[in-house]
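Enquirer: Next comes the sequence, and after it the predicted model I'd like to discuss.
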2 protein chains.
Amino acid sequence: MNYYCYAHFAGKTPSIIRRSEIKMGIDDLVMLRGYAVFDFMRTYSGVPFRIDDYVERFESSATEMKLKMPLSRKKISSIVQELLYQNSIGQDSKTQNAGIRFLLTGRYLLDAHLPDIKPNLFILIEELPPYPKGWLTKGIKLMLHQHAREMAGVKTTNYITAIHLSEERKKHRAQDTLYHDGKQLLETTRNNFFVFKHNTLLTSSHHILKGITRKTVLELATKKFTVEVRPLELKELPSFTEAFVTGTTLGIIPVVKIDETILAKGKPGANTKELIRMFDECVRGDYFNKTK
Amino acid sequence: MNYYCYAHFAGKTPSIIRRSEIKMGIDDLVMLRGYAVFDFMRTYSGVPFRIDDYVERFESSATEMKLKMPLSRKKISSIVQELLYQNSIGQDSKTQNAGIRFLLTGRYLLDAHLPDIKPNLFILIEELPPYPKGWLTKGIKLMLHQHAREMAGVKTTNYITAIHLSEERKKHRAQDTLYHDGKQLLETTRNNFFVFKHNTLLTSSHHILKGITRKTVLELATKKFTVEVRPLELKELPSFTEAFVTGTTLGIIPVVKIDETILAKGKPGANTKELIRMFDECVRGDYFNKTK
């Protein structure tokens, strides 16, 4: 689908145009220097999920990168609503859901002196990438890899290592890569990482991107489990009784194997399944709350 | 100057068009995932300097990133010559020199599975960025920063940290940032780093991009100095009697201060000046050899 999207080139009049019509000059900093931040959110049942959290994080990434956001949070939210309407998202069961991508690119400056850059802003509507149904019901395998992302707390467009590893990941029959810094487990290429030690839920606290799905899961979990947000040591791996990843696209996906370590007898654990049930209720709840 | 450039979008007929006319779709991997490699070379007196070395390095970056180069080295070299001719580079003293940028971008694939990507190739002509004449005659100051570049040996477009530090660098009145990994001195944001300990020239060996100007300097220096290519320890800093950086745009630039450490009494050292003289002779030599 060639959705209507919002394109705001600095110094020009913003416009709502088809995605395929957005054209960037070769001199934007995103092209030549990889300088850009983005964010990615989604709808559930046609309604944007936790839009305030996502827009706030997008803004905070921009601030960290010293890029000036051209629009207010309120204005960004209203453009998202306008785009969903123009693209008929949520208007019938076939066009129920979509992904919403924010992109702020560095724009061209000869020497790229911060903070003088006036960036370009894009708000893009796209299909949610499909993933095999078996991931949710049977769980996935993670491959370990030593790597700490550059400026991990900021959602930059740098996914070089993630993509570079895709061939190796395929060879290992793994579905995602779990980064560690040699001592601590951090996050996967695009998702946060959680484990259970019996009825205690644990997740990494440092050098990660703080996911909105992660935040949601932490909020839900406190109702049922003991929760510890702290560094996860690599050497603790054998003591994990369950594991899962969280992300905007995937929601919660059970992890049944990490390299050669089999978790929960190779099946999604009972606590993880309970969290999936609660999360499912929550995202439907989000819909019902906002549309009634 | 809006130079003629070469644009080869995968699956389409390549064309030579004005730089401002090259337009990228928003879905290229370089836009959304920062997946691209590039290289940058220049002419001296209108003639491309060490083109075989640059094209070889560009090819090797592509191989490391599992991106398939659509053209042979020979073909790339002949396009460079064609572009220089069409842009009248080297045809009179005013249009003597230009920069030549190679860019290979990841192109769009939903899940970006390597090595199935067929990338886009661009060969761009541009003006050489000017720098203050005082840098060569008076030397520059470097600011230290702990950072080891991701995939340092590959020329990716990721300059996030370099640009991010530009404001701090200005505040410290430094002209470039020297990266170290906590133990060893590595390289600057865009240049290689050399030091003298009396008549011994030293430069880092690991976790750096191996510059072509670095290579040239090493070749020249063996005629006059003892040369050591080895890890440079951070704690050796007080023992350096001279320092300089090398890069395609800058050539050789003396370093007179690193954070608060003053080198060679704050003036370009005698050995550095000798290397600058030899390098200058060499690049003019390159011109005379190739044009007679």
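Expert: Ah, there it is.
Enquirer: Bridged to the residue of the stretch 1-150 of chain A found nearest chain B, which residues?
Expert: Nearest residue of the stretch 1-150 of chain A to chain B, counting by Cβ to the nearest Cβ: A:K23, 3.7 Å away. Where you see a C-beta, it was placed from the backbone N, CA and C, and this is true even at glycine. When assigned by DSSP bridges, A:K23 has beta-bridge partners B:G25.
Enquirer: Settle this for me: it is touching B:S20, isn't it.
Expert: No. A:K23 is beyond contact range of B:S20, at 11.4 Å (criterion: Cβ atoms under 8 Å).
Enquirer: so where do the helices sit in chain A?
Expert: A:29-32, A:51-64, A:73-86, A:134-138, A:160-164, A:166-171, A:212-221, A:270-291 (DSSP state H).
Enquirer: Grab the nearest non-local neighbour of A:A174.
Expert: A:M143 (3.7 Å; Cβ to Cβ, 6 or more residues apart in numbering or on different chains).
Enquirer: For the one you found, list the residues it contacts.
Expert: Neighbouring residues of A:M143 by Cβ atoms under 8 Å, 6 or more residues apart in numbering or on different chains: A:L165, A:E168, A:R169, A:H172, A:A174, A:D176, A:T177, A:L178, A:D259.
Enquirer: now swap in A:G247 and tell me
Expert: Contacts of A:G247 (Cβ under 8 Å, 6+ apart): A:R190, A:N191, A:N192, A:G211, A:T213, A:I253.
Enquirer: Number of residues surrounding the second one?
Expert: Translated: A:N191. 24 (other Cβ atoms under 10 Å in any protein chain shown).
Enquirer: Ok, the third one next?
Expert: Other residues lying near A:N192 total 23 when counted by other Cβ under 10 Å.
Enquirer: which among the contacts of A:M143 end up buried?
Expert: A:L165, A:R169, A:A174, A:D176, A:T177, A:L178 (16 or more other Cβ atoms under 10 Å in any protein chain shown).
Enquirer: I figured A:N199 hits A:T226, correct?
Expert: Yes. Contact criterion Cβ under 8 Å: A:N199 and A:T226 qualify, at 6.4 Å.
Enquirer: Get me the contact residues on the stretch 151-292 of chain A for chain B.
Expert: Those residues of the stretch 151-292 of chain A that sit near chain B, judged by Cβ under 8 Å from any Cβ of the partner chain, are A:151, A:156-164, A:166-167, A:170.
Enquirer: For those residues, give me a markdown table that also has pLDDT.
Expert: Shown next, in a markdown table, are these (pLDDT from 0 to 100):
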| residue | pLDDT |
| --- | --- |
| A:M151 | 93 |
| A:T156 | 92 |
| A:T157 | 90 |
| A:N158 | 91 |
| A:Y159 | 89 |
| A:I160 | 89 |
| A:T161 | 92 |
| A:A162 | 90 |
| A:I163 | 87 |
| A:H164 | 89 |
| A:S166 | 87 |
| A:E167 | 87 |
| A:K170 | 90 |
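Enquirer: Please identify, among those, the one with the most neighbours.
Expert: In those, the most neighbours by other Cβ under 10 Å go to A:I160, 25 neighbours.
Enquirer: That residue: what's it in contact with?
Expert: With contact set as Cβ under 8 Å, 6+ apart, A:I160 has these partners: B:R33, B:G34, B:Y35, B:M65, B:E150, B:M151, B:T156, B:N158.
Enquirer: coming back round to it: now the helices of chain A as TSV including distance to A:E242?
Expert: Below are the helices of chain A laid out as TSV (distance: least, Cβ to Cβ, whole Å):
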stretch	distance to A:E242
helix A:29-32	39
helix A:51-64	26
helix A:73-86	35
helix A:134-138	14
helix A:160-164	24
helix A:166-171	22
helix A:212-221	12
helix A:270-291	5
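Enquirer: and those helices, which is most packed in?
Expert: Across these, the average number of neighbours (mean count of other Cβ atoms under 10 Å in any protein chain shown) peaks for helix A:29-32, which reaches a mean of 25.
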